[in-house]
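A.B. asks: Would you be able to build a 3D model of this:
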Amino acid sequence: MISECEINLARAEYLTIRSDGRVMLDPIDPSASEVNQVEIDILRPIFLREVAAGGRKFCLRRPICVVIDRENGFWLLEYPSLRIHAYGHTIAQAQVYFADEFVSCWDGVAMEEDAALTLDAQEMKSYLKEIVAEIEEL
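C.D. replies: Numbers count the residues shown, from 1 in each chain. All right, here's what the predicted structure looks like:
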């Protein structure tokens, strides 16, 4: 649930530029490319120092760099090192799903016995244990 999850951002920057009016995309045939509204998103990564969800807060040893993108009308937050790709209709919803995915990685990989994990999952486990400094109950 959204009310139970939270991400504290050290820095989040994105900008939407809107232009109402005529924009020509094709100078050879202007009538073929006329649009009435243009939105340009200039997105910068966010740096997370902690991730909280499911009643726990994961304090990180160093900030992780999460990429923000827009894809097919959805917000996307990605952290390739953990293979996290969280989508949402809003950036806030994507942040909630990101936190849920992070916690799922911890619970499903970092807490698992090595013998039950593939080599890739063992590397992910090692990385998770490296970046998480402590876990606090909320």
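A.B. asks: Give me the sheet partners of the strand of greatest length in the chain and which way each runs.
C.D. replies: In the chain, assigned by DSSP state E, the strand with the most residues is strand 56-71. Sheet pairing of strand 56-71 (DSSP bridges) gives strand 46-53 (antiparallel), strand 74-79 (antiparallel), strand 132-137 (antiparallel).
A.B. asks: quick one: buried residues of the longest one?
C.D. replies: The reference is to strand 46-53. 46, 48, 49, 50, 51, 52, 53 (16 or more other CB atoms under 10 Å). All C-beta spots, glycine's among them, are computed from the backbone N, C-alpha and C.
A.B. asks: All the helices of this structure, in order from the start?
C.D. replies: 91-105, 119-131 (DSSP state H).
A.B. asks: one step back: can you list the buried residues of strand 46-53 in JSON lines and add pLDDT?
C.D. replies: JSON lines is the format used below for these (pLDDT from 0 to 100):
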{"residue": "46", "pLDDT": "89"}
{"residue": "48", "pLDDT": "94"}
{"residue": "49", "pLDDT": "95"}
{"residue": "50", "pLDDT": "95"}
{"residue": "51", "pLDDT": "96"}
{"residue": "52", "pLDDT": "95"}
{"residue": "53", "pLDDT": "94"}
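A.B. asks: export those to a markdown table and tack on distance to residue 76?
C.D. replies: A markdown table is the format used below for those (distance: CB to CB, whole Å):
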| residue | distance to residue 76 |
| --- | --- |
| 46 | 12 |
| 48 | 15 |
| 49 | 21 |
| 50 | 21 |
| 51 | 17 |
| 52 | 20 |
| 53 | 18 |
